[in-house]
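Undergrad: Here you go, sequence then predicted model.
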Amino acid sequence: MASSACTRAIFPSSFTASSSSNSESKSKLSHVSFINTTSSIPICRKLSHACSSKRTLVVNNVFKTVNPTKTSGGSSKSEDVASLGQKPTILVSEKLGEAGLKVLRGFGHVECAYELSQEELCSKISCCDALIVRSGTKVTREVFEAGKGRLKVVGRAGVGIDNVDLQAATEFGCLVVNAPTANTIAAAEHGIALLAAMARNIAQADASTKAGKWQRSKYVGVSMVGKTLAVMGFGKVGSEVARRAKGLGMHVIAHDPYAPADRARAIGVDLVSFDQAIATADFISLHMPLTPTTNKVFNDDTFSKMKKGVRIVNVARGGVIDEDALVRALDSGIVAQAALDVFTEEPPSKGSKLVQHENVTVTPHLGASTKEAQEGVAIEIAEAVLGALKGELSATAVNAPMVAPEVLSELAPYVVLAEKLGRLAVQLVSGGSGIKSVKVVYRSARGPDDLDTRLLRAMVTKGLIEPISNTIVNLVNADYIAKQKGLRISEERVVVDSSPELPVDSIQVQISSVDSKFASAVSEGGHISIDGKVKFGEPHLTCVGSFDVDVSLEGNLILCRQVDQPGMIGRVGNILGEQNVNVSFMSVGRTSRRKKAIMAIGVDEEPNKEALDNIGAVPAIEEFVFLKL
Ligand SMILES: NC(=O)c1ccc[n+]([C@@H]2O[C@H](COP(=O)([O-])OP(=O)(O)OC[C@H]3O[C@@H](n4cnc5c(N)ncnc54)[C@H](O)[C@@H]3O)[C@@H](O)[C@H]2O)c1
Ligand SMILES: O=C(O)[C@H](O)COP(=O)(O)O
């Protein structure tokens, strides 16, 4: 079959099993390994009602429930001081629903203290075992430093965790949990409210009427019935918005490269490409997460492709829109109106042109702010925080897997391999295909009892999901997240005749029943299929579809399929060289002499459009794809 050649070897800077002294290695390891098992309670820097020199009772790092306090409504003062020594202290720094407070008070001492300065928060946190926040509290590295040794869990009463320094939390062994589902309906309803308010100029007309005017002809609106709404991001909130818009008689289309088509069909929504969505929509509603891919995805270029007079709603994250470009699009009339709940900077600056624009309706990040959602979120987060304080695994943990150190150290290089294979495989899926079923095949000389694959499976899941979502995946939440996303991950172990010293010989990731943007990645069995191995402690890609390759998984990767003929390596190498793109690895695999071949090229830099166009223009190249690792 295929031959393979590795022309040049450069080792990536990722960690190896024995590289724990390397600081970068440590930070990568921290994604998968941390939970603070120390039970020491520091001497508090500042004494408060919640903080005495007495040691809080901790048994195996979990709290015993001792005489649960009777609940008393919404107090910001200390409660049950007599039993403080026996109970964890939970600081709530933003308004939380009463039902959640009640749950918390049944277990610990609860202090509600709002609008704390950073110094006040740092001072208080040294005496707290848990902190509960919404989006307004910045939980920075300094906060974790101040809480070191005592702060065990941070609960985010909502979805977005961008205000919590997760890396610092992990480094300090502090669990972070969130409440991802309880505000979905509230956000969807707010989206619909903004859509209707915008179409009928409700906010502007209200202000004008209150100012004593009677401007009936100025505030003639537009109808929604029969109009096309493009839902960008067909996840929890997006699909609920779509359902409601259908009820208003709108024609709903959606763009979400990773949403299953059957889920969309069930609601009567067509999944379309990004360009098709923005070019045909009368209204566009944004529901995708803020990721490197979606950052400022609505910009001068994409606005220019929209139907003139389009109306845009954003209840997702401000950062998905280039706000200056939106002002230009509003001024030129490409965008007739916008309704925004979220902003790149919150609160936005006082003189913000966008906020002040007469065709813009704004709300101060109110998507999750209904009584019902806040009660739901409060209960969801209270239960997650209490579970964490009791030492239970949390389904909504975002940063805290638990793996025995010796298992972790042995699996460390395979962890990197598993994540990179997941990350590569998902990028090979063509937009519009919904991923439902993934199989991970481990080839190993060890018997099933000697190989714990939970961590590897979790890392494949992390690689598959993180590039397409703002969800953070780890050992604790991987299966939960996969299930939530309708992704079935099955595993198969194949016993091979290799060294039992090594836990794994190779890992294969297969994605079934989807189209690929690189047809050669589809194996004879009809799945997107890639294999990898750890070589010299580093992850390598060893097979793509039916082609053998051998390329170190570092930096970025270009896969090309071409007719096997002389000069191809040089031609592509020259194109990249002309654009100052450094090739770190190159490997060629082929079916047979002078037939089809695959070239896998590792590149340090991201090639620009011109370089990619030039590669595509080489006549012998039949297809190619650029992948970020
Ligand atoms: N305004 C508020 O108060 C409020 C409340 C809740 C949620 N939110 C925000 O709303 C957004 C959606 O939340 P959710 O709970 O529905 O999340 P979700 O993870 O359920 O859905 C997000 C969807 O976006 C899709 N997606 C990823 N990349 C995409 C891309 N490039 N183009 C199109 N779609 C893409 C994902 O496949 C997923 O289906 C998030 O940004 C969240 O932070 C805001
Ligand atoms: O991420 C979220 O859940 C929403 O943006 C709501 O944020 P909030 O809790 O600050 O209202």
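TA: Looks like it arrived, so ask away. Ligands and ions are numbered 1, 2, ... in the order given.
Undergrad: so residue 376 touches residue 183, yeah?
TA: Yes: between residue 376 and residue 183 there is a contact under C-beta atoms under 8 Å: 7.2 Å. C-beta: built from backbone N, CA, C; applies to glycine.
Undergrad: Tell me if stretch 318-337 is near ligand 1.
TA: No: Stretch 318-337 stays clear of ligand 1 (C-beta under 6 Å from any ligand atom), getting no nearer than 7.8 Å.
Undergrad: how long is that stretch from one end to the other?
TA: Its start and end residues considered, stretch 318-337 measures 16 Å (C-alpha to C-alpha, to the nearest Å).
Undergrad: for it, which positions count as buried?
TA: For stretch 318-337, a neighbour-count test (16 or more other C-beta atoms under 10 Å) marks 318-323, 325-330, 334-337 as buried.
Undergrad: ok, the residue of the stretch 151-300 of the chain found nearest ligand 1 - contacts?
TA: Nearest to ligand 1 in the stretch 151-300 of the chain, going by C-beta to the nearest ligand atom, is residue 235, at a distance of 1.8 Å. Each residue near residue 235 by C-beta atoms under 8 Å, 6 or more residues apart in numbering is listed here: 256, 259, 287, 288, 289, 469.
Undergrad: near ligand 1, from these?
TA: Counting by C-beta under 6 Å from any ligand atom, 256, 259, 287, 288, 289, 469 from the contacts of residue 235 sit close to ligand 1.
Undergrad: Surely the second one is in contact with residue 232?
TA: Think residue 259. No: counting by C-beta under 8 Å, residue 259 does not reach residue 232; the two are 11.0 Å apart.
Undergrad: Which parts of the stretch 251-400 of the chain are helices?
TA: Per DSSP state H, counting those that start in this stretch, the stretch 251-400 of the chain carries helices over the ranges 261-267, 274-280, 300-304, 323-332, 353-356, 371-389.
Undergrad: For residue 97, find the nearest of those.
TA: Nearest of the helices of the stretch 251-400 of the chain to residue 97, taken as C-beta to C-beta: helix 371-389 at 3.2 Å.
Undergrad: who does that closest one touch, helix- and strand-wise?
TA: For helix 371-389, the packing partners by 3 or more C-beta pairs under 8 Å, 6 or more residues apart in numbering; DSSP states H and E come out as helix 98-105, strand 130-133, strand 153-156, strand 175-178, helix 184-199.
Undergrad: pLDDT wise, what is residue 560 at?
TA: Here the pLDDT value assigned to residue 560 is 89.
Undergrad: Where does it fall, secondary structure wise?
TA: Element membership for residue 560 (DSSP states H and E) is strand 556-563.
Undergrad: helices or strands up against that strand?
TA: Where contact means 3+ C-beta pairs under 8 Å, 6+ apart, strand 556-563 is packed against helix 568-578, strand 596-603, strand 621-628.
Undergrad: List the contacts of that strand.
TA: 424, 518-521, 541, 544, 551, 568, 572, 594-607, 615, 618, 620-629.
Undergrad: can you rerun that using 7 Å?
TA: Residues from elsewhere that reach strand 556-563, judged by C-beta atoms under 7 Å, 6 or more residues apart in numbering: 518, 520, 544, 551, 568, 572, 596-603, 606, 615, 620-629.
Undergrad: Show me which residues of the stretch 51-200 of the chain sit near ligand 1.
TA: Applying C-beta under 6 Å from any ligand atom, we find that the stretch 51-200 of the chain lies next to ligand 1 at 159, 160, 183, 184, 187.
Undergrad: Taking the residues you listed together, which two end up most distant?
TA: Taking C-beta to C-beta as the measure, those span a maximum distance of 13.0 Å, between 160 and 184.
Undergrad: show me the residues around the closest residue to ligand 1 within the stretch 301-450 of the chain that make contact.
TA: Evaluated by C-beta to the nearest ligand atom, the stretch 301-450 of the chain has residue 367 as its residue closest to ligand 1, separated by 2.4 Å. Counting by C-beta under 7 Å, 6+ apart, residue 367 touches 186, 187, 190, 315, 341.
Undergrad: can I assume the first one is in contact with residue 373?
TA: The reference is to residue 186. Yes: with contact defined as C-beta atoms under 7 Å, residue 186 counts as touching residue 373 (3.5 Å).
Undergrad: So what's the residue count around residue 109?
TA: Here the count is done by other C-beta atoms under 10 Å, and residue 109 has 25 residues near it.
Undergrad: what do you get for the one 4 residues further on?
TA: Under the neighbour criterion other C-beta under 10 Å, residue 113 is assigned a count of 14.
Undergrad: Just the pLDDT at the nearest residue to residue 426 once chain neighbours are set aside, thanks.
TA: Among residues not flanking residue 426 along the chain, residue 464 sits closest, at 4.8 Å (C-beta to C-beta, 6 or more residues apart in numbering). Predicted confidence (pLDDT) for residue 464: 91.
Undergrad: swap in residue 290?
TA: You'll see residue 290 listed with a pLDDT of 81.
Undergrad: How many neighbouring residues does the nearest residue to it once chain neighbours are set aside have?
TA: Using C-beta to C-beta, 6+ apart and skipping residues adjacent in sequence, the residue nearest residue 290 is residue 317, 3.8 Å away. Counted with other C-beta under 10 Å, residues neighbouring residue 317 total 24.
Undergrad: Dig out what the spatially closest residue to residue 523 that is not a sequence neighbour forms beta bridges with.
TA: Among residues not flanking residue 523 along the chain, residue 529 sits closest, at 3.9 Å (C-beta to C-beta, 6+ apart). Here residue 529 sits in beta bridges with residue 510, as judged by DSSP bridges.
Undergrad: what does residue 621 give?
TA: Under the criterion DSSP bridges, residue 621 forms beta bridges with residue 562.
Undergrad: Going forward, the N-terminal residue is numbered 234.
TA: Noted, 234 is the first residue going forward, which turns the last one into residue 854.
Undergrad: burial of it, as a residue count?
TA: 17.
Undergrad: picking up where we left off before, any idea which of the helices and strands packed on strand 789-796 gets closest to residue 536?
TA: Closest approach to residue 536 among the helices and strands packed on strand 789-796 is made by strand 854-861 (25.3 Å; C-beta to C-beta).
Undergrad: Torsion angles phi and psi at residue 764?
TA: Dihedral angles of residue 764 (phi, psi; degrees, to the nearest 10) stand at phi -120, psi 150.
Undergrad: which residues sit in contact with the residue nearest the centre of the chain?
TA: Most central in the chain under C-alpha atoms, centre = their mean is residue 703, positioned 2.0 Å from the mean C-alpha point. The neighbourhood of residue 703, defined by C-beta under 7 Å, 6+ apart, consists of 522, 523, 524.
Undergrad: Within the helices and strands, which one has it?
TA: Applying DSSP H and E, one finds residue 703 in no helix or strand.
Undergrad: can you list the weak-confidence ranges in the stretch 584-733 of the chain?
TA: In the prediction, the stretch 584-733 of the chain carries residues with pLDDT under 70 at positions 624-627, 633-639, 641, 665-666, 704-705, 707-710.
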